[in-house]
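Asker: Dropping a prediction and its sequence here:
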Amino acid sequence: MTIPPNVRVKVYTLRALALALSAFAAVVFLLRPHAFGLRTLALLGIFVGLWLVRRSNAYVWRPQGQALGEWSPDNATRRVEPTAWIVMAASFLACGAAYFLMYLDALHGGKEAWPAYAFGAAALVFAAASGYVVMKLFQ
């Protein structure tokens, strides 16, 4: 992808800011793993960083005639199907339910293995579905 010269500085600045926010989030996750407030702030930083990358991509696409929200055959191929969103949301809820079942099992001695297997399967499906959605969004 070629970046038009009139928006090159803006694009690289937004991407550098997104990288800085991601680095901040990584440091917070590594140094303060149990501080809920800081982890929430770091997660918000990751989401803002992703939004900044998407915004910088919009600055690149606009001079090429692909504005956000306009229909084109290329944009139609990047559209995420509702089924992918539903699978992602359902697997996220399944991860939460399986984690709660693992917690209950741990309170009662941790004698059952199936909650851990259910959590692993739900996490695998969630990782695949969210990876697909992210790939389609930022393709």
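Answerer: Here it is on my side, so go on. Numbering: from 1, shown residues only.
Asker: low pLDDT regions in this protein?
Answerer: Low-confidence regions of the chain, defined by pLDDT under 70, span residues 1-4, 61-78, 139.
Asker: Tally up the residues packed near Ala97, please.
Answerer: The number of residues packed near Ala97 is 14, by other Cβ atoms under 10 Å. Placement of C-beta: from N, CA and C, glycine included.
Asker: Can you give the domain ranges for the protein?
Answerer: Following automatic domain parsing, one finds the domains of the chain at 1-69, 80-139.
Asker: how close does Ala35 sit to Phe29?
Answerer: 10 Å (Cβ to Cβ, to the nearest Å).
Asker: Give me the contacts around stretch 129-139.
Answerer: The set of residues external to stretch 129-139 that reach it, using Cβ atoms under 8 Å, 6 or more residues apart in numbering, is Val53, Arg54, Asn57, Arg78, Arg79, Val80, Ala84, Trp85, Val87, Met88, Ser91.
Asker: One more pass at 10 Å, please.
Answerer: Contacting residues not belonging to stretch 129-139 are listed as 50, 53-54, 57, 74, 77-81, 83-92 [Cβ atoms under 10 Å, 6 or more residues apart in numbering].
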